[in-house]
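A.B. asks: Starting from these lines, generate the structure:
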Amino acid sequence: MTQSHIAVLDDEPEIRRMLADALTEAGYRVTTFARATEFEAALNRGTPDVCLVDLGLPDRDGLAVVHRLALESGAAIIIISGRAQVQDRVTGLELGADDYIIKPFEPAEVVARVRARLRKGRGEAAPRAPQVARFNGWRAEFDRYVLVAADGTEVPFSHAEGEVLRMFLDSPKRLISRAQMQETLGGAAGESFDRAMDVRISRLRTKLGEDPKNPHLIKTIYGAGYIFLGEVSWT
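C.D. replies: Okay, the predicted model is just below:
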C-alpha cells in the first residue's frame, strides 16, 4: 500500500517536530514547512493527501492558504490553530477546511483526525470507489474535482464540497438528515457544522446553476434535512 503523504504548515518548530514524529510513527510520509511560500512551491511538485495548516503564519494569511488549497488542490485540509472562537472555526470551514483542531492538542488526536479524513476521503482499506457520476446533464469527476456541464464547461469544486456532493449522489431521492450528514462526513455536531454544511450546499447549488430560491436538484426539507432529486449513474 502506498504511504499517504501528510504536509504540515506551521511556523512553530516544536509543533512541526511533534506532529512529524507522531505521524511518521503512525506510518505516514510527512513533509513540514515553516512558511506558506515554501509550502505553496512544493504543491507545484505534487499534492499531499492531507494538509495540516496553521492560521498564524509569518508570510501569509493562513485562511487565504486554506481557501486556495480548497479551490485548487483536492487535498483534505485540517486547520490547526490557537484561535478558539466559534466564528474562527466557522470561517475556516466555510473557506473549505474539512476539520479544525484547536491548540494545544494531543498528537494522538491529530493522528486520529488524519486517519479519519483519509478513510472518508479515499477509503484506505476499501476498494476504490467509482470516480465519475452522471446526473441531469452534468458529469462529476471526483478524481479531478470538477463538474462538467453538457457543453463541456468545467466547474471546479473543493474537497469539502466534493464530500457533500458524493453523499447526495450516493443516496439520490432519499432524505438525508443533519444527523446523518454529521455521521457520514464527521466533525463535531453544532452550529459550526450546520453553518459549514449550509455554505457548501449553497456553493454546490450555485455551481450547478440552481435557482437559490427554488432549487430543483438539492431540495431543502425544512426541519428534516435535504434530498437530491437527480437521476444518477456511476462509472
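
A.B. asks: Give me the helix or strand of the protein that scores worst on average pLDDT.
C.D. replies: helix 86-94 (a mean of 81; mean pLDDT, DSSP states H and E).

A.B. asks: Residue 212 touches residue 204, doesn't it?
C.D. replies: No. With contact defined as CB atoms under 8 Å, residue 212 does not reach residue 204; the gap is 11.3 Å. In short, each C-beta sits where N, CA and C put it, glycine included.

A.B. asks: more crowded one of these two?
C.D. replies: residue 204 (22 against 8; other CB atoms under 10 Å).

A.B. asks: residues contacting the more buried one?
C.D. replies: By CB atoms under 8 Å, 6 or more residues apart in numbering, the contact list for residue 204 reads 157, 161, 164, 165, 218.

A.B. asks: which of the residues you listed lies closest to residue 106?
C.D. replies: residue 164 (28.9 Å; CB to CB).

A.B. asks: follow-up on the earlier one: looking at the contacts of residue 204, which is nearest residue 182?
C.D. replies: residue 164 (11.9 Å).

A.B. asks: Check for me that that closest one belongs to a helix.
C.D. replies: Yes. Assessed with DSSP: H, G, I helix; E, B strand; the rest coil, residue 164 lies in a helix.

A.B. asks: Not counting its neighbours along the chain, what's nearest residue 63?
C.D. replies: The shortest distance from residue 63 to any non-neighbouring residue, by CB to CB, 6 or more residues apart in numbering, is to residue 95 (5.7 Å).

A.B. asks: Check the secondary structure at the residue nearest the centre of the chain for me.
C.D. replies: Ranked by distance to the mean C-alpha position of the chain (CA atoms, centre = their mean), the top residue is residue 160 at 2.9 Å. Assigned by three-state DSSP, the conformation of residue 160 is helix.

A.B. asks: Would you mind stating the distance between it and residue 85?
C.D. replies: Note on residue 160: its distance to residue 85, by CB to CB, to the nearest Å, is 20 Å.

A.B. asks: Contacts for stretch 25-43, please.
C.D. replies: Against stretch 25-43 from outside (CB under 8 Å, 6+ apart): 3-11, 13, 16-17, 19-20, 23-24, 48, 57-60, 62, 65, 68-69, 73, 111, 114-115.

A.B. asks: Could you pick out which of those residues are located in helices?
C.D. replies: Counting by DSSP state H, the contacts of stretch 25-43 place 13, 16-17, 19-20, 23-24, 62, 65, 68-69, 111, 114-115 in helices.

A.B. asks: bridging residues for residue 140?
C.D. replies: Note on residue 140: beta-bridge partners by DSSP bridges are residue 133, residue 147.
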